[in-house]
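1. give the three-dimensional model of this entry:
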Amino acid sequence: MTVRRSAAALATTAVLLGAAAPVAVAAPSPSPSAELPAGLYGTTDPTYDGVWRQSLAFLAQKIEYVTPSTASVDWLVGQQCDSGAFTSYRDAAKPCDASTVMDTNATAVAVQALVEINQHRDAANNGADWLKSVQNEDGGWGYNPGGPSDANSTSIVIGALARTGIPVSEVTTADGKTPYTALQSLAIPCGDEDGGAFAYQPDKKGELTANTDATAASVLGLMGKGIASGTSNAVKAPSCTKGDDLSPEQTAQNGSFFLAETLKKSPYLEQAPMPGAENTEPQPDYGNTADAVVALAASGHTDKAEASVAWLRKNATDWAKQGGPAATAQLILAAHATGADARSFGGVNLVKQLNTMGPAPAATALPSPTPTGPQPSSGTDSDDSGLSLGWLIGIGLVAGAGIGFLLSMRRKKQQP
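-> Coordinates of the predicted model:
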């Protein structure tokens, strides 16, 4: 997913996603002079992306063996309502009520983050239960409960459900539709123009328009994986399979085929210019490119993402620093999925950069645990404290089981 939870990006969601996206109403914006909450990552107005950027930071830190501080975790948990839902951001001093606008995306990403850092599992389960309770009749989810289903929201919810151990294929509507049903209905058939791609939503005529962001999200969703999915050991050649009765895996591979073909023409994806912008030419979409890299790696096509990773390494580090925690996290996830070193990415230590955007982590480990790299040692980073005993025990158990360094976000529980 792109960093579309920022105030500016959300205001132009329809432009970024290439479809008429629902406008999400959020809590009142904090006063420009108001002090940001303790424990929150980032320095910009959190109204539209507070939970999102906090959760992405945790996901990226976890795969780099960084333990977030208690204060930052407490802040995230404090954003949850009693129902299990999260909003994009709220004043936790006030209880949730009928006017509180719930956010499926914020809830799903927070659930994934809490499961990955192995804290507050009861809160994660409560969030997953709420997500199941607001499933649409077509099997999917919209940005806000009750809104029309879209590919991005449905995909991130699938990741949350799968990560909490819920068989996604068993999350059905009254007439038997599943989340996979909703996603597959947004796939453009192979053989058609832009075959294999996914639309964000159908247009008013019911027609589907290819959307690269929705495609990257849908690849992960149909594979039962979440945002920080890591890489797949099964190397495959991209292909687009025709047919009306495809499995979720086949439809996901069709999406990967479209992404691979698109990135073959250019190593980066593009987004339309912002309304009113002087430059009317399409601009590089750093976040969407990073998401496509993760999707390709997760579906067995890491080699097809190599040129994009090289491009991100050369061009995206300034974007990540300016974009804050979520943008930096996206680059870390892309680096990890493809075996790149997030601690030396285009000359930037992305992990250290992310750590400085929030409360000092409780612990960290070295070296960077990329998919092909060695086990982390118990050494400490210059800006963080030592590796905790819990991490040492956990790493030792994993190594003893022969799983090695693969403690990244998506494990066997991702599979429905």
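
2. check which helices and strands the host helix or strand of Val309 is in contact with.
-> According to DSSP states H and E, Val309 maps onto helix 306-315. Helices and strands touching helix 306-315, by 3 or more CB pairs under 8 Å, 6 or more residues apart in numbering; DSSP states H and E, are helix 286-298, helix 325-337. Just so you know, the C-beta spots here come from the backbone N, C-alpha and C atoms, and that holds for glycine as well.

3. can you list those helices in TSV and add mean pLDDT and mean neighbour count?
-> Below are the helices and strands packed on helix 306-315 laid out as TSV (pLDDT from 0 to 100; neighbours: other CB atoms under 10 Å):
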stretch	mean pLDDT	mean neighbour count
helix 286-298	97	29
helix 325-337	97	30
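
4. mind putting those into JSON lines with distance to Trp141?
-> Output for the helices and strands packed on helix 306-315, formatted as JSON lines (distance: least, CB to CB, whole Å):
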{"stretch": "helix 286-298", "distance to Trp141": "18"}
{"stretch": "helix 325-337", "distance to Trp141": "20"}
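
5. closest one to Val73 among the ones you listed?
-> helix 325-337 (14.4 Å; CB to CB).

6. how far does the closest one sit from the chain's center?
-> 10 Å (CA atoms, centre = their mean, to the nearest Å).

7. what angle separates it from helix 306-315?
-> 140 degrees (axes from the mean of the first three to the mean of the last three CA atoms, to 10 degrees).

8. beyond helix 325-337, next helix or strand please.
-> Helix 325-337 is succeeded, C-terminally, by helix 350-355 (DSSP H and E).

9. how about residues contacting that following helix?
-> Helix 350-355 is contacted from outside by 57, 60-61, 64, 66, 317, 320-321, 325, 328-329, 331-332, 335, 342-343, 361, 364, 368, 381, 383-384, using CB atoms under 8 Å, 6 or more residues apart in numbering.

10. do I have it right that Pro267 meets Ser308?
-> Yes: contact criterion CB atoms under 8 Å: Pro267 and Ser308 qualify, at 4.8 Å.

11. joint contacts of these two?
-> Thr289.

12. neighbour count winner among those two?
-> Ser308 (23 against 19; other CB atoms under 10 Å).

13. run the chain-centre distance for the strand or helix carrying Asp318.
-> Following DSSP H and E, one finds Asp318 within helix 317-323. In terms of CA atoms, centre = their mean, the centre of helix 317-323 is found 17 Å from the chain centre.

14. nearest to Gln112, out of the helices and strands packed on helix 306-315?
-> Short answer: helix 325-337, nearest of the helices and strands packed on helix 306-315 by CB to CB, at 11.7 Å.

15. quick one: work out the angle between that closest one and helix 286-298.
-> Using the same axes, to 10 degrees: helix 325-337 against helix 286-298 is 30 degrees.

16. surely Ser155 is in contact with Ala217?
-> Yes: with contacts counted by CB under 8 Å, Ser155 reaches Ala217, the gap being 4.0 Å.

17. who touches both of the two?
-> By CB under 8 Å, 6+ apart, no residue touches both Ser155 and Ala217.

18. neighbours of the nearest residue to Asn125 once chain neighbours are set aside, how many?
-> Excluding the flanking residues, the one nearest Asn125 by CB to CB, 6 or more residues apart in numbering is Thr164, at 6.0 Å. By other CB under 10 Å, 19 other residues sit near Thr164.

19. around Pro148, how many other residues sit close by?
-> 16.

20. was I right to think it contacts Asp203?
-> No: applying CB under 8 Å, one finds Pro148 not in contact with Asp203, separated by 11.5 Å.

21. hey, which helix is longest across this structure?
-> For the chain, the helix that runs over the most residues, judged by DSSP state H, is helix 248-265.

22. what bridges to Met271?
-> For residue 271 the amino acid is Gln, not Met. Gln283 (DSSP bridges).

23. isn't it right up against Glu281?
-> No: judged on CB under 8 Å, Gln271 makes no contact with Glu281 at a distance of 10.9 Å.

24. out of the two, which sits in the busier spot?
-> Legend: neighbour count by other CB under 10 Å for Gln271 and Glu281, higher for Gln271 (22 against 8).

25. all helices for the stretch 101-250 of the chain, in order.
-> Using DSSP state H, counting those that start in this stretch, the helices of the stretch 101-250 of the chain run over 104-116, 121-133, 151-163, 179-184, 212-222, 248-265.

26. so which elements touch the second one?
-> Helix 121-133 sits against helix 104-116, helix 151-163, with contacts defined as 3+ CB pairs under 8 Å, 6+ apart.

27. for the fourth one, same thing?
-> The helices and strands touching helix 179-184, judged by 3+ CB pairs under 8 Å, 6+ apart, are helix 151-163, helix 212-222, helix 248-265.

28. want to try a markdown table for the ones you listed, with mean neighbour count, mean pLDDT and distance to Asp97 as columns?
-> Formatted as a markdown table, the helices and strands packed on helix 179-184 follow (neighbours: other CB atoms under 10 Å; pLDDT from 0 to 100; distance: least, CB to CB, whole Å):
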| stretch | mean neighbour count | mean pLDDT | distance to Asp97 |
| --- | --- | --- | --- |
| helix 151-163 | 29 | 98 | 23 |
| helix 212-222 | 30 | 98 | 31 |
| helix 248-265 | 22 | 97 | 38 |
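
29. dump those to TSV, plus distance to Asp194.
-> Below are these laid out as TSV (distance: least, CB to CB, whole Å):
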stretch	distance to Asp194
helix 151-163	14
helix 212-222	9
helix 248-265	7
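
30. Val294 contacts Ala335, doesn't it?
-> No: using CB under 8 Å, Val294 makes no contact with Ala335, being 9.9 Å away.

31. contacts only, for Val66.
-> 351, 355, 361, 363-365, 384.

32. recalculate using a threshold of 6 Å.
-> 361, 364 (CB atoms under 6 Å, 6 or more residues apart in numbering).

33. what are the phi and psi values at Ala363?
-> phi -170, psi 160 (degrees, to the nearest 10).

34. quick one: it and Gln253, what's the gap?
-> 38 Å (CB to CB, to the nearest Å).
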